[in-house]
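J.: take this sequence and fold it.
(2 chains, ligands or ions: 2)
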Amino acid sequence: MTPTERIRQGLARRQRAEKRFRVYGIVAILLGMSFLLLLFGSIIANGYKAFGQTYIELPVYFDPAVIDPQGTRSEDALFRANYWALAKNALYQQFPEATERRQRREVASILSEGSALDLRAMVQENPELIGTTRDIWLIADDDIDMLMKDYIDRTLPESERRLNDRVIAYVDRLIEAGIIERRFNTNFFTAGDSREPEQAGIFGALSGSFFMLLVTLLLSFPIGVGAAVYLEEFAPRNRFIDLIEININNLAAVPSIIFGLLGLAIFINLFGLPRSTAVVGGLVLTLMTLPTIIITSRASIQSVPPSIKEAALGVGASRMQAVFHHVLPIAMPGMLTGTIIGMAQALGESAPLLMIGMVAFIVEPPQGFTDPATALPVQIFLWSDSPERAFTERTSAAIMVLLAFLIAMNATAVYLRKKIAKKL
Amino acid sequence: MDATETLTIPLTDQLSEVDFAAGQKIAADHATVGDVTCKNPSMRVKEVDVFYGEKQAIFNVSLDIGSNEVLAMIGPSGCGKTTLLRCLNRMNDTIEGCRVTGQVEMDGQNIYSRKMDPVLLRARVGMVFQKPNPFPKSIFDNVAYGPRIHGLVSHRDELEEIVHTSLSRAGLLDEVKDRLDQPGTGLSGGQQQRLCIARAIAVSPEVILMDEPCSALDPIATAKIEELIDELRYKFSIAIVTHSMQQAARVSQRTAYFHLGYLVEVGPTKDIFTMPKHQLTEEYITGRFG
Ligand SMILES: Nc1ncnc2c1ncn2[C@@H]1O[C@H](COP(=O)(O)OP(=O)(O)OP(=O)(O)O)[C@@H](O)[C@H]1O
Ligand SMILES: [Mg+2]
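T.: Ligands and ions are numbered 1, 2, ... in the order given. Next comes the predicted model:
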């Protein structure tokens, strides 16, 4: 048998093997994709309604007697006024027959107390409103919102429902009047946390995450890249450096909660930094992302062809010039990719933040690095722990926001990686 | 010179021997045949040994590189030509575990002494590598890089002047003059190599080291570069490693033949190719092995 015949005989088997392997690959990818779709699907199905919120349009009379009986128009008076009474009065007019205390309480329960805050904000911005009547969309209570979103089953016996028949009847009358509807929930993106689901938003958590990631980025990128450059280009090859390398690789695998404990012991207890703040969170996440950034940066430095560095040295560049003029610019997209992946990890991290007190209930969105803050994943954790149906929905919505940021960050990383591939 | 006397003693008694594939033999205390010195050296290699870790790659080599001449270094693969060439501008410093003993002198000063800054040395001794390695930057920036980092120019005009003369010396200007802002990596292999030569001569070195500069090029590009080397000789000293005997014969004035880390024979190129004194040299240039 000639070699050609032998090769021909084996050919069919080889092709079959290749085809089989391709099928395995496709099956694996399909499986992975379907789990991903299931995950995204269930989150979106659970959460998309949170982007809408039930509002009731009512003519609100900004009664001077209620807001500012003394007529001083002082900021303090406008701040302290009983706006809740204005909102309630507007709603009572829709139900003139409800005169008893109990009835009135039930009617009032349709509105969220958050509507009072909205009215206050409006009056503070424009005191001219006092004495006038305006049609205003007032935010409804979360139970009403759930009813409107069909999460409350009207067919259940009254005792098993969160809303009794009378309240449902009131709502139905509002529906008939066409003054209750679901509108885009801007509140969700502009408000901090709240005990009341309809008033709770992710802005506080987003700002917390933003300040934290800013600290992390500002610290971990220069430190990580600097360490990688030193280890790759300048460090002598000896035992000590080997030891450092092993430790960096180990740190990348340390459970993140340990970094939280470390942060608690060092930054809070030893250095006395304030708890629950973005600065401490950022420091802890810096510790956590540094190994990732160092490892990927070293890999991208290693992938720079040595001939480029030799060329620079050959015309008399110093080692530092060769590195900074030629190696770093080529390695930079890879380093940025590593940094973004590290930052994405940091954005999704919650365990270490629990250790440093960022799990506290914080209403006011943080204004800076040293304000008490929480972070997006911790907010998700907090909401998922709340019993109200409306919080379940918000949990999913917050996850969607988090995923959107993660996807955006990872897409940037892929884009940068493509860019290096094109360059070399 | 009395050093010449001792160094030209031909290979006589073979004390210990190193065997190698072709069955040839070379003495461990081998002395180079021919005159390793020259009248007006720009660099002098004196009794240099080079080690990669435990392994010795160069054995006791002494060799002068004359001013305004082209020295060709030939020899079979792995004989240490590149290693010796890289000793001359201390590029070996970048290789881990590489150790050089002996002296390499430039203006009577040992370039391996502590006083010598490799940055200055490499500005004076330029290098063109075997594989063209332009920076992934514009053609202009490739050539301008050296003058820029050494602060050789104070104006943009001067810099442009240097870039243009270097490119034209390297025979590349006509081909690229209207696309100086295009990346150097977009040129053809031969153009890239000439760009690297332009980059090397832009800092006006005294010596240019070339490691098989034409190994990746076609005959036309090779001819261009050979022409260029011949011209550059009047301004620079050149040491060139080559695998092509014809190239060595065409461009060089002196030729050094290396074998397994030993410098076997040195002499005027025409002598080496017409009447080699050492048996190994003769066998190599007649093509019986190597
Ligand atoms: N970085 C290195 N580490 C260890 N040994 C090396 C290294 N570089 C070269 N050597 C060894 O040193 C010897 C000389 O190598 P060198 O590269 O100088 O040969 P060469 O004459 O340039 O060969 P070629 O003509 O194939 O380029 C060889 O035996 C080689 O294996
Ligand atoms: Mg070589």
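J.: residue in the stretch 51-200 of chain A with the shortest distance to ligand 1?
T.: Going by CB to the nearest ligand atom, ligand 1 is nearest to A:Phe189 of the stretch 51-200 of chain A, at 59.4 Å. (Glycine included, C-beta is placed from N, CA and C.)
J.: assign that residue to helix, strand or coil.
T.: Classification of A:Phe189 using DSSP: H, G, I helix; E, B strand; the rest coil returns helix.
J.: check what pLDDT it gets.
T.: Listed pLDDT for A:Phe189 reads 93.
J.: residues touching it, list them.
T.: Neighbouring residues of A:Phe189 by CB atoms under 8 Å, 6 or more residues apart in numbering or on different chains: A:Gly201, A:Ile202, A:Phe203.
J.: how close does it get to A:Ile362?
T.: 17 Å (CB to CB, to the nearest Å).
J.: any idea which helix or strand carries the closest residue in space to B:Ala123 that isn't next to it in sequence?
T.: The spatially closest residue to B:Ala123, leaving aside those adjacent along the chain, is A:Gly316, at 3.6 Å (CB to CB, 6 or more residues apart in numbering or on different chains). Counting by DSSP states H and E, no helix or strand carries A:Gly316.
J.: hmm, A:Gly316 is touching B:Asp117, no?
T.: No. Look at A:Gly316 against B:Asp117 with CB atoms under 8 Å: they stay out of range, at 9.6 Å.
J.: higher neighbour count, the two?
T.: The residue with more neighbours, out of A:Gly316 and B:Asp117, is A:Gly316; 26 against 13, by other CB atoms under 10 Å in any protein chain shown.
J.: who in the stretch 251-400 of chain A is up against chain B?
T.: Proximity of the stretch 251-400 of chain A to chain B, by CB under 8 Å from any CB of the partner chain, involves residues A:305, A:307-318, A:321, A:325-326, A:330.
J.: any of those buried? List them.
T.: For these, a burial check counting by 16 or more other CB atoms under 10 Å in any protein chain shown picks out A:308-318, A:321, A:325-326, A:330.
J.: before we move on, the earlier item: tell me which of the residues of the stretch 251-400 of chain A next to chain B fall in helices.
T.: A:Ser307, A:Ile308, A:Lys309, A:Glu310, A:Ala311, A:Ala312, A:Leu313, A:Gly314, A:Gln321, A:Ile330 (DSSP state H).
J.: would you turn those residues into CSV with distance to ligand 1 and pLDDT?
T.: Converted to CSV, these look like this (distance: CB to the nearest ligand atom, whole Å; pLDDT from 0 to 100):
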residue, distance to ligand 1, pLDDT
A:Ser307, 14, 92
A:Ile308, 18, 93
A:Lys309, 15, 93
A:Glu310, 12, 92
A:Ala311, 18, 94
A:Ala312, 19, 95
A:Leu313, 15, 94
A:Gly314, 16, 93
A:Gln321, 23, 94
A:Ile330, 23, 90
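J.: next, count neighbours for B:Leu152.
T.: Quick note: B:Leu152 (other CB under 10 Å) scores 16 neighbours.
J.: confirm it sits in a helix?
T.: No. Assignment of B:Leu152 by three-state DSSP gives coil, placing it outside any helix.
J.: which regions of chain A sit below the pLDDT cut-off?
T.: Counting by pLDDT under 70, chain A contains low-confidence ranges at A:420-424.
J.: can you give the domain ranges for it?
T.: Taking automatic domain parsing as the criterion, chain A consists of the domains A:53-183, A:203-423.
J.: which of those sits most buried?
T.: Among the domains of chain A, ranked by average contacts under mean count of other CB atoms under 10 Å in any protein chain shown, first place goes to domain A:203-423 (a mean of 19).
J.: that one: how far from the chain's middle?
T.: 16 Å (CA atoms, centre = their mean, to the nearest Å).
J.: ranges for the helices of chain B?
T.: B:2-7, B:81-87, B:118-124, B:139-149, B:156-169, B:173-176, B:189-201, B:219-232, B:245-251, B:269-274, B:279-285.
J.: mind listing residues that contact the third one?
T.: By that I understand helix B:118-124. A:313-318, B:89-91, B:93, B:106, B:111, B:146, B:150, B:203, B:205-207.
J.: please repeat the previous calculation with a cut-off of 6 Å.
T.: A:Gly316, A:Ser318, B:Asn89, B:Arg90, B:Ile111, B:His150, B:Val203, B:Pro205, B:Glu206 (CB atoms under 6 Å, 6 or more residues apart in numbering or on different chains).
J.: tell me the contacts of the fifth one?
T.: For B:Ile111, the residues meeting the contact criterion (CB under 6 Å, 6+ apart) are B:Val104, B:Leu121.
J.: for it, what are phi and psi?
T.: phi -70, psi -10 (degrees, to the nearest 10).
J.: which strands and helices lie in contact with whichever strand or helix holds A:Ser34?
T.: Here A:Ser34 sits within helix A:3-47, counting by DSSP H and E. Judged by 3 or more CB pairs under 6 Å, 6 or more residues apart in numbering or on different chains; DSSP states H and E, helix A:3-47 is in contact with helix A:389-423.
J.: what angle sits between the helix it packs on and helix A:3-47?
T.: 150 degrees (axes from the mean of the first three to the mean of the last three CA atoms, to 10 degrees).
J.: ok, residues contacting stretch A:46-62?
T.: A:86, A:90, A:129-130, A:132-140, A:144-145, A:148-149, A:179-180, A:182-183, A:185, A:393-394, A:396-397, A:400.
J.: thanks a lot, catch you later.
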